[in-house]
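1. Below are the sequence and a predicted model; questions follow.
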Amino acid sequence: MASQLTKTQQEFQDVLAECRSLFEKKLHDYGASWRILRPSSLTDQLFIKAKRIRSLEITGKSLVGEGIRPEFIALINYSIVGLIQLEKGFVDSVDMTPDEALDLYDRYAKEAYELMIKKNHDYGEAWRDM
């Protein structure tokens, strides 16, 4: 089990690193423009991404040439943005630097990672058997 747990931890870290990399690139391009989003706007984005994943799974077709993985990455990043927004509230204009946004992103990603590890332990890596 110890080697499986290490594998799981590494997989979680790899995925979070991929998500963070995309978040950082978008932060460079757009700044923290998401600071203006209300929680309902973020849940709308999460819903849209989940619906697209479902559509791709059912139809197997993507007219824009993107698969399911980018949608899951977006779900993770929008979720972290949602947690930041719940803490900070939405604003009328960008009020944080990219470094501040990345610090908050890292804090919430770490909390999510730690929770996933604990739940994974309690569920005995059941997701691997699915």
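-> Structure received. Everything quoted here is computed from the prediction, not taken from an experiment.
2. Contact partners for M116?
-> Residues in contact with M116 (CB atoms under 8 Å, 6 or more residues apart in numbering) are F12. Yep, even glycine has a C-beta here, placed from its N, CA and C like the rest.
3. Is it in a helix, a strand, or coil?
-> Here M116 is recorded as helix under DSSP: H, G, I helix; E, B strand; the rest coil.
4. and it, how far is that from R20?
-> From M116 across to R20, the span is 15 Å (CB to CB, to the nearest Å).
5. so how far is stretch 111-122 from its chain's centroid?
-> Relative to its chain's centre, stretch 111-122 lies at 15 Å (CA atoms, centre = their mean, to the nearest Å).
6. what's the helix or strand for Y113?
-> Using DSSP states H and E, Y113 sits in helix 98-122.
7. What helix or strand is the residue lying closest to N120 once chain neighbours are set aside located in?
-> For N120, ignoring the flanking residues on the chain, the nearest one in space by CB to CB, 6 or more residues apart in numbering is T8 at 5.9 Å. If you go by DSSP H and E, T8 is part of helix 2-30.
8. Tell me which residues of that helix come out buried.
-> T8, F12, V15, L16, C19, R20, F23, L27 (16 or more other CB atoms under 10 Å).
9. Thanks a lot, see you next time.
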